[in-house]
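Asks: Take this sequence and fold it.
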Amino acid sequence: MSTTTPMLQRPIPMKLASSAEPTAVDYLTKAPDDLKYLYADLDARLLAFGDDIQKTTGKLYFSYKRLKKFACLEVHPRSRALLVYLKVSPESVDLESSFSRDVRSIGHFGTGDLELRITN
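Replies: Numbers count the residues shown, from 1 in each chain. Purely as a prediction, here's the structure:
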């Protein structure tokens, strides 16, 4: 009589449900009041570009578009900053350290080649 030992199976790690991952709205909710006011001001300014501007709330950012997306906005409560990604060529503006940077070769969520870090 031959006995076969069953292969031991390792447990498969389960991925956390997507509801456990923080969203753009969660980050905005957790943000300090001064950052919420800054977000509200920037949001109003982006929407004021025209009556045809549409705002979409994505998983990780808020996007603004007319026919195509022109800006994506991330809220970062820990660093007390808003990151705005714009569809603007970084070569067409003078980049300032700690405020703007070229992100063409850096991966990021959203759309745009120019990152602006807004803290106040």
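Asks: can you pull the contacts of L116?
Replies: Residues in contact with L116 (C-beta atoms under 8 Å, 6 or more residues apart in numbering) are 83-86, 99-100. C-beta here means a position set from N, CA and C on the backbone, and glycine is covered the same way.
Asks: Out of these, which end up buried?
Replies: Among those, those buried by neighbour count (16 or more other C-beta atoms under 10 Å) are 83-86, 100.
Asks: Can you tell me what sits against the worst-scoring helix or strand of the chain on mean pLDDT?
Replies: The least trusted helix or strand in the chain, going by mean pLDDT, DSSP states H and E, turns out to be strand 100-102, with a mean of 88. Residues outside strand 100-102 that contact it (C-beta under 8 Å, 6+ apart) are 90, 93, 95, 113-117.
Asks: how about L83, phi and psi?
Replies: For L83, the backbone dihedrals (degrees, to the nearest 10) come out as phi -110, psi 120.
Asks: what sits opposite it in the beta ladder?
Replies: With DSSP bridges applied, L83 shows beta-bridge pairing to E74, R117.
Asks: so it sits right up against E74, yeah?
Replies: Yes: counting by C-beta atoms under 8 Å, E74 is a contact partner of L83 at 4.4 Å.
Asks: Tell me the strands beside the least confident helix or strand of the chain, with direction?
Replies: Here strand 100-102 has these sheet partners by DSSP bridges: strand 114-118 (antiparallel).
Asks: quick one: secondary structure of the nearest residue to K36 once chain neighbours are set aside?
Replies: Distances taken as C-beta to C-beta, 6 or more residues apart in numbering put L28 closest to K36, at 6.8 Å, once the chain neighbours are dropped. Counting by DSSP: H, G, I helix; E, B strand; the rest coil, the backbone at L28 sits in helix.
Asks: Give the burial count for L28, as a bare number.
Replies: Per other C-beta atoms under 10 Å, the neighbour tally for L28 reads 20.
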